[in-house]
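>>> Prediction below, plus the sequence it came from.
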Amino acid sequence: MDVIRWCYFLLLSQTLFFSPSHTQTDSFTSILISQNGLDFVKNLLVNKAIASIIPLQIPRIEKSVKIPFLGGIDVVVSNLTIYELDVASSYVKLGETGVVIVASGTTCNLSMNWHYSYATWIPPMEISDQGIASVQVEGMEIGLSLGLQSNEGGLKLSLSECGCHVKDISIELEGGASWFYQGMVNAFKDQIGASVESTIANKLSEGVSDLDSFLQSLPKEIPVDDKAALNVTFTTDPILRDSSITFEIDGLFTKAETNQVLKSSSLRNSAPSSICPGNSKMLGISLDEAVFNSAAALYYNAEFMQWIVDKVPGQDLLNTARWRFIIPQLYRKYPNQDMNLNISLSSPPVVKISEQYVGANVNADLVINVLEADQVIPVACISLEIRGSGALRVMGNNLGGSVKLEDFSMSLKWSNIGNLHLHLLQPIVWTVIQTVFVPYANDHLEKGFPLPIIHGFTLENAEIICSSSEITVCSDIAYLDSSQHPRSGLSLPRSAPWINTLL
Ligand SMILES: *[C@@H]1O[C@H](CO)[C@@H](O)[C@H](O)[C@H]1NC(C)=O
Ligand SMILES: *[C@@H]1O[C@H](CO)[C@@H](O)[C@H](O)[C@H]1NC(C)=O
Ligand SMILES: *[C@@H]1O[C@H](CO)[C@@H](O)[C@H](O)[C@H]1NC(C)=O
Ligand SMILES: *[C@@H]1O[C@H](CO)[C@@H](O)[C@H](O)[C@H]1NC(C)=O
């Protein structure tokens with residue numbers, strides 16, 4: 001048998017353990033796939049590869065066989081079709097050069113047509129016969145070595161080596177076959193084996209190049225809403241360790257329409273080797289607090305953080321008469337006038353993450369306006385420093401949450417009505433924050449934003465772990481084998497035929 005290189009053997013003999021040194025990067029989100037996650041993806045790829053290979057046609061083979069007394073016999077086997085392929089076991093390993101996938105104990109079943117003919121001299125005539133046969137290929141080993149690099153912010157997958165080795169082959173003629181035909185057909189074993197090897201290797205290399213096109217066409221941004229998008233540009237080559245692979249992406253929010261980046265100047269230490277306890281989950285996505293701060297800065301700059309409060313639900317608060325004992329001079333100057341409150345953030349909210357706590361500090365200006373005829377008269381402005389605490393949740397593939405008011409402090413910024421007793425205002429401001437501000441924030445936080453997950457995969461049994469300045473989502477993943485899932489996150493193009501089967 002024409003033995004193809006045992007490339008996987010070479011690959012496996014390479015050192016699989018190494019630890020690249022990493023310095024700081026401007027990546028604010030890391031995605032770590034553990035060995036469990038790699039196994040999951042590998043099984044998915046193996047199954048989808050099999051589904052896309054079958055049925056596989058192998059080119060016809062012609063051969064002239066010399067038989068004593070009869071001379072040259074022309075034999076043709078045609079319509080060779082692999083109709084079944086079973087992988088007994090497979091594994092994925094990470095090596096220095098990339099990812100190695102090996103499938104061993106693979107069997108495949110083929111069907112074929114055979115035909116022979118020869119000419120006799122006395123009497124001169126042509127004798128021929130034909131039939132079908134079934135072929136079993138046993139103990140086939142398939143090895144793939146894939147390189148993974150970042151390329152212009154995307155991911156490039158390349159095939160470093162690919163090999164397929166057939167150990168044994170048996171051919172059985174169907175229907176009234178004699179030892180004679182059998183012997184003849186057996187002469188094809190090596191060629192059929194070699195042909196199976198090269199046809200499968202070619203098919204796999206096509207598959208890898210389709211998968212590469214797919215990866216390269218992944219969007220660099222995930223839309224969050226009409227104002228914001230998440231920058232999911234890869235910032236470094238994937239970091240391969242012996243049992244995990246980490247992808248570093250930018251991870252910050254950018255403006256959806258202008259592509260303007262709101263980058264915090266801080267850098268972060270990147271690529272921890274384990275981001276979920278014991279690496280027991282398939283996937284860990286860790287988000288630096290800079291991600292949340294970029295979101296806060298983006299929405300702040302989009303001027304969506306301003307509220308005119310002209311009624312407080314359930315309470316008739318906004319009339320100077322109600323404020324008679326709180327700010328007597330206001331009532332004296334504008335008796336029985338309606339009022340409104342103009343609350344606007346004076347700087348982007350600042351998110352702080354620690355092991356115990358996710359918190360947000362918000363600075364806001366509260367302007368008290370008196371409404372006189374069709375005039376709005378600002379009378380005083382109070383600076384608020386609001387401290388909230390957050391709870392985070394994973395819903396589907398989104399990270400969302402809610403905030404609650406912890407406390408706030410007030411100081412008078414300016415006033416046209418003299419000094420105010422701020423402590424008397426405390427309950428009113430508290431009510432306004434609780435009834436206007438907190439529900440508004442929670443409305444927006446509830447839905448959250450998409451985590452960088454490839455379309456079709458969903459998080460399962462996700463947990464959130466807070467650490468100093470980082471949030472990590474530790475989760476298993478599932479794959480929805482249907483085109484009917486809602487479009488969110490990274491969506492996949494459906495151009496490549498091999499990918500069509502995958503998705
Ligand atoms: C080729 O093989 C397939 C699958 O075994 C079979 O369905 C088909 O009829 C064959 N074609 C010819 C021309 O024999
Ligand atoms: C394929 O071949 C294996 C033996 O290699 C055999 O056990 C199995 O039944 C065959 N499958 C079909 C569908 O013929
Ligand atoms: C996305 O992040 C990359 C890497 O940090 C950066 O070079 C690029 O400018 C960012 N794109 C946008 C639209 O902000
Ligand atoms: C609300 O107050 C801010 C400054 O605190 C001001 O820029 C803005 O114009 C005010 N909005 C309205 C509608 O009065």
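On my side now, so go ahead. Ligands and ions are numbered 1, 2, ... in the order given.

>>> Show me the shaky parts of the chain.
Applying pLDDT under 70 to the chain flags the ranges 1-25, 175-180, 257-274, 303-304, 314, 481-503.

>>> So what are the structural domains in it, by residue number?
The chain resolves into domains spanning 1-302+451-503, 305-450 when parsed by automatic domain parsing.

>>> got the end-to-end distance for the last one?
The first and last residues of domain 305-450 sit 22 Å apart, counting by CA to CA, to the nearest Å.

>>> follow-up on the earlier one: can you put the domains of the chain in TSV and add mean neighbour count?
C-beta: built from backbone N, CA, C; applies to glycine. Below are the domains of the chain laid out as TSV (neighbours: other CB atoms under 10 Å):
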stretch	mean neighbour count
domain 1-302+451-503	17
domain 305-450	16
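
>>> So residue 322 versus residue 425, what's the distance?
12 Å (CB to CB, to the nearest Å).

>>> Ok, residue 234 next?
Residue 234 is 51 Å from residue 425, where distance means CB to CB.

>>> go on, residue 118?
Distance, residue 118 to residue 425, by CB to CB: 109 Å.

>>> secondary structure element for residue 292?
Counting by DSSP states H and E, the element that carries residue 292 is helix 289-301.

>>> what packs against that helix?
The helices and strands touching helix 289-301, judged by 3 or more CB pairs under 8 Å, 6 or more residues apart in numbering; DSSP states H and E, are strand 228-231, strand 253-255, strand 350-353, strand 470-479.

>>> Tell me which of those strands approaches ligand 2 most closely.
Between ligand 2 and the helices and strands packed on helix 289-301, the shortest gap by CB to the nearest ligand atom is with strand 470-479, which sits at 26.5 Å.

>>> what does the closest one rub up against?
36-37, 40, 44, 275-277, 281-289, 292, 353, 358, 392, 394, 399, 451, 453, 456-466 (CB atoms under 8 Å, 6 or more residues apart in numbering).

>>> got the residues of the protein near ligand 1?
79, 81, 111, 113 (CB under 6 Å from any ligand atom).

>>> What is the nearest of those residues to ligand 3?
Here the nearest of the residues of the chain next to ligand 1 to ligand 3, counting by CB to the nearest ligand atom, is residue 81; it sits at 47.9 Å.

>>> Tell me which strands the helix or strand harbouring residue 391 pairs with, and in which orientation.
Per DSSP H and E: residue 391 is located in strand 375-395. Paired strands of strand 375-395, with direction, are strand 358-372 (antiparallel), strand 398-415 (antiparallel) (DSSP bridges).

>>> Report the angle between the last one and helix 289-301.
Taking axes from the mean of the first three to the mean of the last three CA atoms, to 10 degrees, one finds strand 398-415 and helix 289-301 inclined to each other by 50 degrees.

>>> And the shortest one, by the same measure?
Interaxial angle of strand 358-372 relative to helix 289-301 (the same axes, to 10 degrees): 10 degrees.

>>> re the thing from before, right, so of the domains of the chain, which gets closest to ligand 3?
domain 1-302+451-503 (3.3 Å).

>>> Tell me if the closest one is near ligand 4.
No. Domain 1-302+451-503 lies out of reach of ligand 4 by CB under 6 Å from any ligand atom, never closer than 13.4 Å.
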